[in-house]
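Novice: Need the 3D shape of this:
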Amino acid sequence: HARRQGPREAQPPRAPQTTRRAMRALAFLALVGAAAAVMHHRRPRVGPRAGPGLRPPPPSRLGAAGGEDQAEGSASGLKIIIAGAPAAGKGTQCEFIKEEFDVVHLSTGDTLRAAVKEGSELGLKAKDYMEAGALVPDELIIDLVKERLSQPDCQERGWLLDGFPRTRAQAEALQAAGLTPDCCLLVDVPEEILVERVTGRRTDPETGRIYHLTFSPPEDDDIAARLVQRKDDTAEVVRKRFADFQAHIQSIKDVYADRLVTVDGARPRQEVTDDIRTKLEVAKGDKPAAA
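Specialist: Okay, here's the model as predicted:
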């Protein structure tokens, strides 16, 4: 006989299939989130974070250009004036000084041409005089030099003024602007040696090479036959330029008496170079340390 079954207990209604899938997805996402939180907690910190009792890391000392910040402990380079009569050998020694001491080499001619090319306010003023065939006034030359010496490369590396100042007014204007050299080099060469140096100079028009009939003669007769002499390489011109130099050099010596160094420029070139190196090293050692 079939057993009679009693009434079944009521079963709760089953959720629709889509609802069950959504619930399983939410549970999975919760599990993933918990695992991520654990991994983040275990991850080592790269650096300290600012917070109570913690200081932020110090700012980098690298500047915008990637170099070390020079605002602290940077020492400016040597400030040098070199003087000498035409043909005294300043050009050769300036090349050595520029390379050896990494200073900015400046001559008034180069400074004037650069200002005109850049179109600065002072350069445009100078251009007006030059185009009119007039001499650029002394005051304008002084302002151009002062402006150039105030630029960052001169402030950081130091400078070498080649043949400037030439007069007391120019020297005193630099002093008044606080542009005082660490050393004033005077390359001293007697007049007769200057005459010999200049009058013996010859140029090869084919190569542009400069010879001297006594000190560096041409290699053969063919080269010697084509050498030419500049029109202003004469004894008369040399003596006039030497007289002009002597008329003003005493004023320069007076202004820079406490930092004037005289070098015998009549000696062989290397001896002059070695002497200048020694004297500038002394001047460099005497410079006060940068604040």
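
Novice: What's the local residue count around the closest residue to residue 86 other than its chain neighbours?
Specialist: With CB to CB, 6 or more residues apart in numbering as the measure, residue 241 is the residue that lies nearest to residue 86, at 4.7 Å, once sequence neighbours are left out. Glycine gets a C-beta too; all of them are placed from N, C-alpha and C. Around residue 241 there are 16 other residues, counting by other CB atoms under 10 Å.

Novice: please renumber so the chain begins at 23
Specialist: Renumbered: residue one is now 23, and that last one reads residue 263.

Novice: Pull up the gap between residue 263 and residue 156, please.
Specialist: Residue 263 sits at a distance of 22 Å from residue 156 (criterion: CB to CB, to the nearest Å).

Novice: Same question for residue 150.
Specialist: The span separating residue 150 from residue 156 equals 9 Å under the rule CB to CB.

Novice: Compare the two (neighbour count), which wins?
Specialist: Between residue 150 and residue 156, counted using other CB under 10 Å, residue 150 has the larger neighbour count: 12 against 9.

Novice: Now do the SS call for that one.
Specialist: helix (DSSP: H, G, I helix; E, B strand; the rest coil).

Novice: for residue 215, same thing?
Specialist: Going by three-state DSSP: residue 215 is helix.

Novice: what helix or strand is the residue nearest to residue 108 on?
Specialist: Taking DSSP states H and E as the criterion, the element that holds residue 263 is helix 257-277.

Novice: could you point out which element follows that helix?
Specialist: Moving toward the C-terminus from helix 257-277, the next helix or strand (DSSP H and E) is strand 282-286.

Novice: The residue nearest to residue 108 contacts residue 185, correct?
Specialist: No: the criterion here is CB atoms under 8 Å, and residue 263 misses it with residue 185 at 11.9 Å.

Novice: center of the chain, which residue is that?
Specialist: For the chain, the residue lying nearest the average C-alpha position, counting by CA atoms, centre = their mean, turns out to be residue 175 (3.6 Å).

Novice: give me the low-pLDDT residue ranges for the stretch 173-313 of the chain?
Specialist: Along the stretch 173-313 of the chain, the parts satisfying pLDDT under 70 run over 310-313.

Novice: Please give me every residue in contact with residue 132.
Specialist: Residue 132 sits next to no residue when contact means CB atoms under 8 Å, 6 or more residues apart in numbering.

Novice: Let's see the pLDDT reported for it.
Specialist: pLDDT, residue 132: 86.

Novice: How about the one 10 residues further on?
Specialist: pLDDT, residue 142: 86.
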